[in-house]
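Student: From the sequence below, what's the structure:
(one chain, ligands or ions: 1)
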Amino acid sequence: MVMEKHLLQLLRYKKLSATKARLQVLSLFAKLNQPLSYADIHAYLDGEFDRVTLYRMLDTFVSNGLIRSVPALHKPITYVLLDGVEQLSVSNMFFLNCLHCNRKYILPALVLPNFELPLKFNVSHVDIVIEGKCPDCS
Ligand SMILES: [Zn+2]
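Tutor: Predicted coordinates:
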């Protein structure tokens with residue numbers, strides 16, 4: 001209930017209409033709290049939406065900063081919910097990626113050490129992907 005209210009707020013904040021379908025997909029991200037691919041969402045929602053509808057919805061969420069893709073060299077592309085109305089800009093994110101089963105995990109935000117970059121590069125955020133084997137695959 002609290003979660004649903006929060007998701008409604010997020011959609012309103014982004015001036016997107018809170019359709020049942022959008023809420024359903026965002027709820028899935030919020031509930032599972034793990035990176036999800038198109039295929040994951042499709043499977044969890046039991047094929048409720050057709051391919052085009054779901055892809056379009058994910059595109060809308062990405063372009064409005066509600067979700068973002070997880071940086072990874074390996075397919076499939078997965079997405080995570082950018083939670084919190086104030087924190088809709090991209091912040092530092094940390095991920096674990098199992099190279100065996102391809103499961104991905106979101107780590108709680110870690111504090112980064114201060115580091116100097118050689119170029120005068122204006123950093124907006126830092127993504128760290130740690131790859132290896134999850135406990136199930138070790
Ligand atoms: Zn694994």
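
Student: quick one: contacts for Gln34?
Tutor: 80, 103-106 (Cβ atoms under 8 Å, 6 or more residues apart in numbering). In this view, the C-beta of every residue, glycine as well, is placed from N, C-alpha and C.

Student: and the residue nearest the centre of the chain, what are its phi and psi?
Tutor: Centroid check for the chain by Cα atoms, centre = their mean gives Val80 as the closest residue, at 0.7 Å. Dihedral angles of Val80 (phi, psi; degrees, to the nearest 10) stand at phi -130, psi 150.

Student: partner residues bridging it?
Tutor: Beta-bridge pairing for Val80 (DSSP bridges): Arg68.

Student: so which strand or helix has Ile58?
Tutor: Residue 58: Leu, not Ile. Per DSSP states H and E, Leu58 falls inside helix 51-63.

Student: circling back to that earlier point, for Phe121, see how far away the residue nearest to the centre of the chain is.
Tutor: Separation of Val80 from Phe121 (Cβ to Cβ, to the nearest Å) stands at 24 Å.

Student: cool, and Lys104?
Tutor: If you go by Cβ to Cβ, the gap between Lys104 and Phe121 works out to 27 Å.

Student: neighbour count winner among the two?
Tutor: Lys104 (22 against 7; other Cβ atoms under 10 Å).

Student: Report all helices and strands that the worst-scoring helix or strand of the chain on mean pLDDT contacts.
Tutor: Ranked by mean pLDDT, DSSP states H and E, the weakest helix or strand in the chain is strand 104-107, scoring a mean of 82. Other elements packing on strand 104-107 under the criterion 3 or more Cβ pairs under 8 Å, 6 or more residues apart in numbering; DSSP states H and E are strand 93-98.

Student: Each with direction, which strands does the strand it packs on pair with?
Tutor: Strand 93-98 has its sheet partners listed here by DSSP bridges as strand 104-107 (antiparallel), strand 127-132 (parallel).

Student: Any part of that strand near the ion?
Tutor: Yes. Using Cβ under 5 Å from the ion, strand 93-98 comes into contact with the ion via Cys98.
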